[in-house]
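Student: coordinates only, no sequence provided:
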């Protein structure tokens, strides 16, 4: 046996270390040949009645007014979350991470906090259990999928002239958000669906819905950004809608297909945006009380619109802007079933300002003018003063206050009436009561002015409250109650629901 001294062993180790270092420098492995881009932020949890109360406000409302509340919602792209902070002229939106029913139901989940609590250094007491960003999601290459499924039990009570109705029903909701993790460009796809089943056998009043939207952001460099969008939505027309078929046992379904492209460029303190928006709306038949089909094909239509905006950056916190829109709506049938040509042209202009004071206060407000003229000279043109805007205010961590204003012109489905003007105000308060408990309060008001009809103007009021308990980062318990009423027509609806949402 040969025994080496400590000095000899030390010399041998030094030679081995030197050889290993040389190999590492001269022969790098694939793991050092490429690097992963920065982590993309994830679209947040927010109901359609929250921080962005009108997810379709940079929208097709000019193109297709009948589908304002039901068309696809454009999701927030990874870099769009701070669009206002970076001076972007594009209105950004997010969707609720946990869907439990359609947006107008009592079981809508709460939104992402605008000004959340910061975790402690050791990740202690300030960690928010039901923060959707805590769910790991499912990695698919460079994409991350965050799905959720919910089951709720609900009760609905309606009162209307001449009677009332009650139903108990289950709502199954599925939602998923797919986001990219790229160093350049970004893709966001958001889908949701809700299916209702009445307890007791009858299908009266069931309101299924589906919605999917995709947004591809292209970073073209030199202060230029392009967005390509596509979407699809399905819903059943509400019985309280002025265009609902009177006496129908089942209202018609509405399929809406949308697509669009926009380009935004910053040139010094000037910020310009140009956008093209397309839509296609198709209606399924309604059903009468005796089961016969009632065709709504005369309402099928195409829409196309152009929108341009230019802003002047007085400071990073204040950007006044001027926006103009022009749109065409073309019905498949030249004349509807009542003999009128309902195809139309719409023009609008508005002036406003974007405000960004950081996480405490941001939003925009604008005042303008809308006009819609119809191909049929017997249908009177409609003019309206428009008030539009959104505001998100967080007076303290864990508290978010949201306000929204929207003005649209909507069409009647038939007869010698052109359309009406809808002005809507929404308000919401979200409070983080504990790290695992969130409370919500919502309120809304919609004023319909029937300028081309003898129908009495109507005001619709709504209010709601709810709680979300984050059992853990994968499971939420949600309870909600809501009420809406239209005094002019003596209609009112109560809804209450509770359920579980499983997230991944």
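Tutor: Okay, I see it. Not measured: the values here are computed from a predicted model.
Student: quick check: residue 299 touching residue 331?
Tutor: Yes - Residue 299 is within contact range of residue 331, at 7.4 Å (criterion: C-beta atoms under 8 Å). In short, each C-beta sits where N, CA and C put it, glycine included.
Student: what is in contact with the two at once?
Tutor: Residues touching both residue 299 and residue 331 (C-beta atoms under 8 Å, 6 or more residues apart in numbering): none.
Student: run through the bridge partners of residue 499.
Tutor: residue 152, residue 478 (DSSP bridges).
Student: any idea how far it is from residue 334?
Tutor: 47 Å (C-beta to C-beta, to the nearest Å).
Student: what of residue 209?
Tutor: Going from residue 209 to residue 334 by C-beta to C-beta gives 31 Å.
Student: equivalent analysis for residue 383, please.
Tutor: Counting by C-beta to C-beta, the gap from residue 383 to residue 334 is 25 Å.
Student: need the helices for the protein, in chain order.
Tutor: 6-26 (DSSP state H).
Student: pLDDT weak spots in it?
Tutor: 1-134 (pLDDT under 70).
Student: find the nearest non-adjacent residue to residue 202, please.
Tutor: residue 167 (7.6 Å; C-beta to C-beta, 6 or more residues apart in numbering).
Student: what's opposite that neighbour in the beta bridge?
Tutor: Under the criterion used here (DSSP bridges), residue 167 is bridged to residue 156.
Student: you'd agree it is up against residue 203?
Tutor: No - counting by C-beta under 8 Å, residue 167 does not reach residue 203; the two are 9.9 Å apart.
Student: when those two are compared, which one has more neighbours?
Tutor: Between residue 167 and residue 203, counted using other C-beta atoms under 10 Å, the more crowded position is residue 167 (18 against 13).
Student: the more buried one and residue 150, how far apart?
Tutor: Distance of residue 167 to residue 150, given as C-beta to C-beta: 19 Å.
Student: also residue 339?
Tutor: Plainly put, residue 339 is 46 Å away from residue 150 if you go by C-beta to C-beta.
Student: so for these two, which sits in the more crowded spot?
Tutor: Neighbours were counted for residue 339 and for residue 150 using other C-beta under 10 Å; residue 150 has more, 23 against 11.
Student: what about that one, distance to residue 432?
Tutor: Separation of residue 150 from residue 432 (C-beta to C-beta): 21 Å.
Student: which of residue 209 and residue 334 has more neighbours?
Tutor: residue 209 (24 against 13).
Student: which stretches in the stretch 151-300 of the chain count as strands?
Tutor: 163-180, 186-198, 209-221, 224-236, 253-267, 270-283, 286-287, 293-294 (DSSP state E, counting those that start in this stretch).
Student: nearest to residue 365, of those?
Tutor: Checking the strands of the stretch 151-300 of the chain against residue 365 by C-beta to C-beta gives strand 270-283 as the closest, at 17.1 Å.
Student: what about that closest one, distance to the chain center?
Tutor: Taking C-alpha atoms, centre = their mean, to the nearest Å, the mean C-alpha location of strand 270-283 is offset from the chain mean by 16 Å.
Student: in it, what counts as buried?
Tutor: 271, 272, 273, 275, 277, 278, 279, 280, 281, 282, 283 (16 or more other C-beta atoms under 10 Å).
Student: okay if I get those residues as CSV plus distance to residue 194?
Tutor: What follows is those, written out as CSV (distance: C-beta to C-beta, whole Å):
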residue, distance to residue 194
271, 38
272, 39
273, 33
275, 29
277, 26
278, 26
279, 22
280, 23
281, 20
282, 20
283, 20
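Student: and which of these is nearest to residue 304?
Tutor: Within the buried residues of strand 270-283, proximity to residue 304 (C-beta to C-beta) peaks at residue 278, which comes in at 5.4 Å.
Student: ok, now which ones touch the closest residue to that closest one other than its chain neighbours?
Tutor: Using C-beta to C-beta, 6+ apart and skipping the chain neighbours, the partner closest in space to residue 278 is residue 259 (4.8 Å). By C-beta under 8 Å, 6+ apart, the contact list for residue 259 reads 229, 230, 231, 277, 278, 279.
Student: at 7 Å what do you get?
Tutor: 229, 230, 278 (C-beta atoms under 7 Å, 6 or more residues apart in numbering).
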